[in-house]
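**Q** Got a predicted structure plus its sequence, pasted below:
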Amino acid sequence: GRPNIVLLLFDDAGYSEMSAFGGEIHTPNVERIAREGMTVRRFYTAARCSPTRAGILTGHHPHDVGMADLAGPKFKTEFSAYQGQLPLGIPLVSELLQGAGYKTYLQGKWHLGDIPGSQSEPLTGSAPNFRGFDYFFGIMRGQADPYPNNPWGNPYRRNQETIPLTSGWFSIPGLNQETMQQLEVQFQTEKDAPFFLFIASQSPHYPLAAPEDLIAKYRKVYDQPLENIWNERVAQLRHLGLFPEKAPTKIPNFAGTRAEDIREQSAVRAAMIEATDTEFGKLLRLLEENGQLDNTLIIVASDNGAAAETSQLANAPYRGAKGNLNEGGVLSPLVARWPAGGIAAGKITDEMITYLDLMPTFLSATTVNYPKQWLSGSPLQPLQGRNLLPLLRGEKQPPPEYFFWNLYGAFAVLHQGRWKLLGNSAYDENKERNHAPPKTELYDLLSDPAETTNVASKESAMVALLLENYEAWAPQHGAVPHYQILDAYKKNRSAN
């Protein structure tokens, strides 16, 4: 029969934090997926929560679906790429699968628009239940306290109602329990219906909170010089085949007083990630007990790199953080398991893939076609990503010729998975207002995946080629000068 799909998307997990990817955080269930499936060491994201999610669910670049920045009314502007919510006229993978007879579940955070202003406002239009999800257990906004006892009320929802919370309720097991109960009902009453489950985890996004005993366990782990942890991770990544043996690295400067903050935050992040892995393990057991596991395409990744506070350690050996277009902001490992679908076990691929490749892969796995038109009857653009099943089954799949990013005044172009042009990585608003030419860097990711050496001066022809391609792409996708967006946001703030 048709496969189930489970997508577990961590929120701001660093590249090398989990034991599956060279780190010290105990994630046996993610390790299991890696061991029994394929690891893609170069999964490119949009470097930010809402844009990555928008690209995964629509299959289109976030700039083409109004989600070049975060979701919410304060991000709505007159610019097409900056709408603060998804357009209704472009289908989500959940809508297409639901229409094909799939049961559809969203657990965790939505963060794609129509964020209710208060508890009493009904969810409308862009809420998950109106966008192809039969069941929604989670939050509308981008973040919420995992132990919700705050004065702003309870943000956790079961479809359109709030989840009644018991004392000490913790969102990581709490939401997973909601999902598993509903799946159990489905396995009893509609055993033959396939399902799509998107676990849009809040781990390890702020606010950071986890059970005290788990945090204490990791405080011990991080009670050592940060350089040691960083070096240990890089050695482990090389050993696992997740970072090239010969590639150079540059250790960050951990000197200074922030080390204690990084240790404490790392311990809480670790506890959140381990708790999430434990719940994921319960889900795998439920699927196994019901004979569903091997015909489920399971994918695990993060929506972007770790945030600035802990990024130097969390994203080792890469530099940069969430919201930034260096590899540390855009890169995540990805693991995929589907034995019945021919995904080879224990393999690693060096080929690059992107967040826009997930939707075509899901549609191919479920034999659902992408429509030529949708609600309004206006023609849809074809999907921009590629079906990854050949790659996951061990075939060669060439990288996209060009892949583009535009975020907060910075931009990047990746050519054939090798040459990466980075523009304005340190954004300067005054310079942009004065029409200064972009400050460019060029990296050869084949020999220098950690971006240690800028080769722009040596490879000026390549810089010119990539810049020319970016300048052709930008106006076609609503990428406008960032100061115009900043002005529009200021106008929003003064209007509200």
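**A** Looks like it arrived, so ask away.

**Q** and the longest helix for this structure?
**A** In the chain, taking DSSP state H as the definition, the longest helix is helix 259-289.

**Q** If you count contacts, what does that helix end up packed against?
**A** Using 3 or more C-beta pairs under 8 Å, 6 or more residues apart in numbering; DSSP states H and E, the elements in contact with helix 259-289 are strand 4-10, helix 28-35, helix 171-189, helix 212-221, helix 226-240, helix 308-314. In this view, the C-beta of every residue, glycine as well, is placed from N, C-alpha and C.

**Q** Is it possible to get JSON lines of these that adds distance to residue 92 and mean pLDDT?
**A** Output for the helices and strands packed on helix 259-289, formatted as JSON lines (distance: least, C-beta to C-beta, whole Å; pLDDT from 0 to 100):
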{"stretch": "strand 4-10", "distance to residue 92": "13", "mean pLDDT": "98"}
{"stretch": "helix 28-35", "distance to residue 92": "24", "mean pLDDT": "98"}
{"stretch": "helix 171-189", "distance to residue 92": "19", "mean pLDDT": "97"}
{"stretch": "helix 212-221", "distance to residue 92": "34", "mean pLDDT": "98"}
{"stretch": "helix 226-240", "distance to residue 92": "34", "mean pLDDT": "97"}
{"stretch": "helix 308-314", "distance to residue 92": "30", "mean pLDDT": "92"}
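
**Q** Out of the ones you listed, which is the most enclosed?
**A** strand 4-10 (a mean of 25; mean count of other C-beta atoms under 10 Å).

**Q** so that one versus helix 259-289, what angle?
**A** 170 degrees (axes from the mean of the first three to the mean of the last three C-alpha atoms, to 10 degrees).

**Q** neighbouring contacts of strand 4-10?
**A** The contact list for strand 4-10, computed with C-beta atoms under 8 Å, 6 or more residues apart in numbering, reads 53, 56, 97, 108, 194-201, 203-204, 273, 276, 280, 283, 287, 292, 295-303, 358, 362, 365-366.

**Q** how much space between residue 417 and residue 42?
**A** Separation of residue 417 from residue 42 (C-beta to C-beta, to the nearest Å) stands at 7 Å.

**Q** Give the residues shared as contacts by these two.
**A** By C-beta under 8 Å, 6+ apart, the residues touching both residue 417 and residue 42 are 351-352.

**Q** in this protein, which spans are strands?
**A** 4-10, 38-44, 103-109, 135-139, 157-158, 161-162, 195-200, 296-302, 331-337, 347-354, 402-407, 410-415, 419-423, 440-444 (DSSP state E).

**Q** I'd like those strands as JSON lines, with distance to residue 471 appended.
**A** Converted to JSON lines, the strands of the chain look like this (distance: least, C-beta to C-beta, whole Å):
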{"stretch": "strand 4-10", "distance to residue 471": "32"}
{"stretch": "strand 38-44", "distance to residue 471": "21"}
{"stretch": "strand 103-109", "distance to residue 471": "35"}
{"stretch": "strand 135-139", "distance to residue 471": "39"}
{"stretch": "strand 157-158", "distance to residue 471": "43"}
{"stretch": "strand 161-162", "distance to residue 471": "48"}
{"stretch": "strand 195-200", "distance to residue 471": "34"}
{"stretch": "strand 296-302", "distance to residue 471": "30"}
{"stretch": "strand 331-337", "distance to residue 471": "25"}
{"stretch": "strand 347-354", "distance to residue 471": "21"}
{"stretch": "strand 402-407", "distance to residue 471": "11"}
{"stretch": "strand 410-415", "distance to residue 471": "10"}
{"stretch": "strand 419-423", "distance to residue 471": "10"}
{"stretch": "strand 440-444", "distance to residue 471": "12"}
